[in-house]
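What follows is a protein structure lacking sequence information:
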């Protein structure tokens, strides 16, 4: 399915293809970088990703797995757009991008089908349904 994404300030916009599903990641990197207890991710081929507005800022780090990661985000508002494997010098191997579901207009259609890095999962995450809620604040 075609999905449409944008950062919080609107300086970055993109379109890509995604299966109608996502994965919840509980790794400590996702927790720190999202400012929350987990992050939802959907995958797309780098060849299918088309930036339609703006220029992505990139940050490189070594992930919990020991692999080097490329993280792309808006340089103005900081919204995370995707993460992928960092290309080694001279490599042209095809890559898959882990698109951050929260930046997608079609987020509601991307129901999670699995969880990863559950060793880092916070203990209270399954208690959401027991909390009181209001439609708006």
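Great, that's in hand. Please read these numbers as outputs of a predicted model, since none were measured by experiment. Numbers count the residues shown, from 1 in each chain.

The helix or strand bottoming out on mean pLDDT in the chain: how far from the chain's middle?
Here the helix or strand of the chain ranked lowest by mean pLDDT, DSSP states H and E is helix 28-34, holding a mean of 88. Mean-position distance between helix 28-34 and its chain equals 10 Å (Cα atoms, centre = their mean, to the nearest Å).

contacts for it?
The contact list for helix 28-34 (Cβ atoms under 8 Å, 6 or more residues apart in numbering) reads 37-39, 61, 63-64, 69, 71, 80, 100, 102, 117, 120, 122. Every C-beta, even on glycine, is put in place using the N, C-alpha and C of the backbone.

again, 6 Å this time
Helix 28-34 is contacted from outside by 39, 63, 120, using Cβ atoms under 6 Å, 6 or more residues apart in numbering.

So for that helix, what gets flagged as buried?
Burial within helix 28-34, assessed by neighbour count using 16 or more other Cβ atoms under 10 Å, is assigned to 29-31, 33.
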